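A.B. asks: Let me see the structure of the following:
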Amino acid sequence: MILPVLAALAEPTRLSAMRILHDGSEHCVCELMGKLGATQSRMSRHMQVLKQAGLVVDRRDAQWVRYRIRTDLPTHLKALLTAALVEEKVMA
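C.D. replies: Below you'll find the model as predicted:
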């Protein structure tokens, strides 16, 4: 399960999306699109990769799809995500 997570986080747009989601709130694709400068289809594909890697969950709210980081991530994946987000912050 760790290789799909590493692959998902290796892409800069997905890592930036995870940084936004790291605040613990739900965020819709339209919000992520605006903050990351991505098209709707591109952002949706990125979020699908993160979902398939087991990092995020989604919830449909009328025409919107809202994403958040899974609250039940295993400890080792939480640590990996934290390390990836800290690394991105240090390198920025």
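A.B. asks: pLDDT score for residue 61?
C.D. replies: Per-residue pLDDT puts residue 61 at 87.
A.B. asks: Quick check: phi and psi at it.
C.D. replies: Dihedral angles of residue 61 (phi, psi; degrees, to the nearest 10) stand at phi -130, psi 90.
A.B. asks: Please apply the same query to residue 25.
C.D. replies: Per-residue torsions, residue 25: phi -90, psi 170 (degrees, to the nearest 10).
A.B. asks: Name the nearest residue to it, ignoring sequence neighbours.
C.D. replies: residue 68 (6.8 Å; Cβ to Cβ, 6 or more residues apart in numbering). C-betas here are computed from N, CA, C, even on glycine.
A.B. asks: So the one you found sits against residue 23, correct?
C.D. replies: No. Residue 68 is beyond contact range of residue 23, at 9.5 Å (criterion: Cβ atoms under 8 Å).
A.B. asks: The two - which one has more neighbours?
C.D. replies: Taking other Cβ atoms under 10 Å, residue 68 and residue 23 do not tie; residue 68 has more neighbours (16 against 10).
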